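Novice: Task: produce atomic coordinates for the following.
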Amino acid sequence: MMSWFKHSETPLAANRREVAIRMEAIGGQGANSAGKILSDAAVTGAGYTGCHFASFGSEKRGSPVQSFVRFSPMGAPMRSAFFTTSPDLIVVFHEAMLRMHPGSLAGATASTTLVVNSAKQPGELLFPSGTSFGKIICVDAGAISRTKRCGINAVMLGAMSVAVPEVAQELVVASLEKFFGRLSNQARSRNVAGFRAALGDSHAASFRNEQASLPPGATPLPRMGWVNAPMGGLITNPGNTVLRDHSLSRQGFAPRFEARDCIQCGYCDMLCPDYCFVWDRSGENGAAALKGIDYQFCKGCQKCISVCPTGALSLSAENAIPEGERLRKFPDLDPEALEKKWHSVDWNINYPDEEEEK
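Specialist: Got it, this is the predicted structure:
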């Protein structure tokens, strides 16, 4: 969406000439939709100039997603569609992304506001050394989403509205209802309820320097072209099943396995895109037997439920699945330790300059 039209009577709630927002999420959380809704409220609703675009791979659900919104209350042209490297607002759709994707905070400065989906208070969050923000806003979007039975994105839009006074909250509600116009009135009402709940349940605090106490993360981007570009052919953010945590893309619901109804057909495992199912050799004559699900890798796509012929897999609220049913596919490996080790490697090459070579 792009526009250069501006209503002269639009009141300004803040003095920023331009506002740049970057949303960091996992496919399935609705960050792309949230960007469309917010940009529609800013451009069509408030009459600002602005644009929205997103970046994600071919298999979006469970994969990293970035959604970008730029707008200008003062009518500055918004003609570019390049990544926002110096955002006024960074929105992280799941607290675990701060650990899983160190680049989520790239470009943050002392004037940047951070909005995080987290049950913690803003002062409890820790960041790599060298990190700086102006303000941190936390909202437990997962809990609100489950209570209101709405999307994570609707809740995060409410938290964003706290940090973006330039766009009236009612304009965002109107754009949200319009975007979800294809849904039932009940579904639209639930999303609006989630949006409004976030307005009253978001906790803000100023960033304290002592919160930047973790070891520094790897540089997310080369600092200057070929001089320190990553070595060709290396995947510096691997997506293999040992490191990846797809639980971020679920919205409070997951498949639950009932062993007594299982006939060991294996259809679920054949259709599962992320190899979530845990097997062993306890079946008859040493045959493979399905034991359950490793929820670290389950992104909640529910394909396994649709193909199960006996009903051994059913949709359940996550908090109703006991810990004893949460199995580990790799019980001897510590994903967090592996990830920290991987991200501690500096994949950039620093070439000596010509004078040093001589």
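
Novice: contacts, neighbours, all on C-alpha from now
Specialist: Noted.

Novice: Quick check: A254 is in a helix.
Specialist: No - A254 sits outside any helix when classified using DSSP: H, G, I helix; E, B strand; the rest coil, being strand.

Novice: Just grab the bridge partners of it for me.
Specialist: Counting by DSSP bridges, A254 is bridged to S316.

Novice: ok now do it, which residues does it touch?
Specialist: Contact analysis of A254 by CA atoms under 8 Å, 6 or more residues apart in numbering lists 298, 300, 302, 315-318.

Novice: how about a cut-off of 10 Å?
Specialist: With contacts defined as CA atoms under 10 Å, 6 or more residues apart in numbering, the neighbours of A254 are 247, 295, 298-302, 305, 313-321.

Novice: Poorly predicted segments of this protein, please.
Specialist: 1-14, 57-62, 217-241, 339-340, 342-358 (pLDDT under 70).

Novice: quick one: contacts of the lengthiest helix in it?
Specialist: Determined from DSSP state H, the single longest helix within the chain is helix 185-200. Helix 185-200 is touched from outside by 138-141, 144-162, 169-170, 172-174, 176-184, with contacts defined as CA under 10 Å, 6+ apart.

Novice: Separate out the buried members of the residues you listed.
Specialist: 138-141, 144-146, 148-162, 169, 172-173, 176-177, 179 (16 or more other CA atoms under 10 Å).

Novice: taking the residues you listed one by one, which sit in strands?
Specialist: 138-139 (DSSP state E).

Novice: Within its sheet, name the partner strands of whatever helix or strand comes next after the longest helix of the chain and how each one runs.
Specialist: Next along the chain after helix 185-200, taking DSSP states H and E as the criterion, comes strand 203-206. Strand 203-206 has its sheet partners listed here by DSSP bridges as strand 135-139 (antiparallel).

Novice: Now do the partner strand: everything it contacts.
Specialist: Under CA under 10 Å, 6+ apart, the answer for strand 135-139 is 89-93, 95, 110-123, 125, 155-156, 158-160, 162-163, 197-208.

Novice: how about that strand as CSV, C-alpha atoms only?
Specialist: C-alpha atoms of strand 135-139 as CSV (Å, rounded to 0.1, in the frame of the first residue of the first chain):
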residue,chain,number,x,y,z
LYS,A,135,11.3,2.6,26.3
ILE,A,136,10.2,-1.1,26.6
ILE,A,137,6.6,-2.1,26.5
CYS,A,138,5.6,-5.7,27.5
VAL,A,139,2.2,-7.3,26.9
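
Novice: quick one, it and helix 185-200 angle?
Specialist: Orientation of strand 135-139 against helix 185-200 (axes from the mean of the first three to the mean of the last three CA atoms, to 10 degrees) gives an angle of 140 degrees.

Novice: one step back: and the longest helix of the chain, which residues are buried?
Specialist: Within helix 185-200, the residues that count as buried by 16+ other CA under 10 Å are 187-188, 190-199.

Novice: Can you tell me which of these is nearest C272?
Specialist: A187 (28.2 Å; CA to CA).

Novice: Return the distance of the closest one relative to F180.
Specialist: Computed as CA to CA, to the nearest Å, the A187 to F180 distance reads 8 Å.

Novice: So V172 sits against V155, correct?
Specialist: No - with contact defined as CA atoms under 10 Å, V172 does not count as touching V155 (11.8 Å).

Novice: on that earlier part again, among the contacts of helix 185-200, name the ones in helices.
Specialist: Short answer: the contacts of helix 185-200 in helices (DSSP H) are 141, 144-148, 152-162, 169-170, 172-174, 176-179.

Novice: Report how many residues lie close to A287.
Specialist: Applying other CA atoms under 10 Å, we find 12 residues neighbouring A287.

Novice: show me the contacts for the closest residue to it other than its chain neighbours.
Specialist: Leaving aside its sequence neighbours, A287 sits nearest to R281 (CA to CA, 6 or more residues apart in numbering; 5.3 Å). Contacts of R281 were listed using CA under 10 Å, 6+ apart, and they are 287-291.

Novice: again, but for A212
Specialist: By CA under 10 Å, 6+ apart, A212 lies in contact with 125-133.

Novice: For it, give its distance to V139.
Specialist: Per CA to CA, A212 is found 20 Å from V139.

Novice: Kindly report the same for V162.
Specialist: Per CA to CA, V162 is found 11 Å from V139.

Novice: got any residues that touch both of those two?
Specialist: 115, 198-200, 202-204.

Novice: Pull up the pairing partners for the helix or strand where V115 lies, direction included.
Specialist: In this structure, V115 sits in strand 113-117 according to DSSP H and E. Under the criterion DSSP bridges, strand 113-117 sits next to strand 89-92 (parallel), strand 135-139 (parallel) in its sheet.

Novice: Please check the contacts of A254 and keep the buried ones.
Specialist: By neighbour count, with 16+ other CA under 10 Å, the contacts of A254 hold 247, 295, 298-302, 305, 313, 318 as buried.
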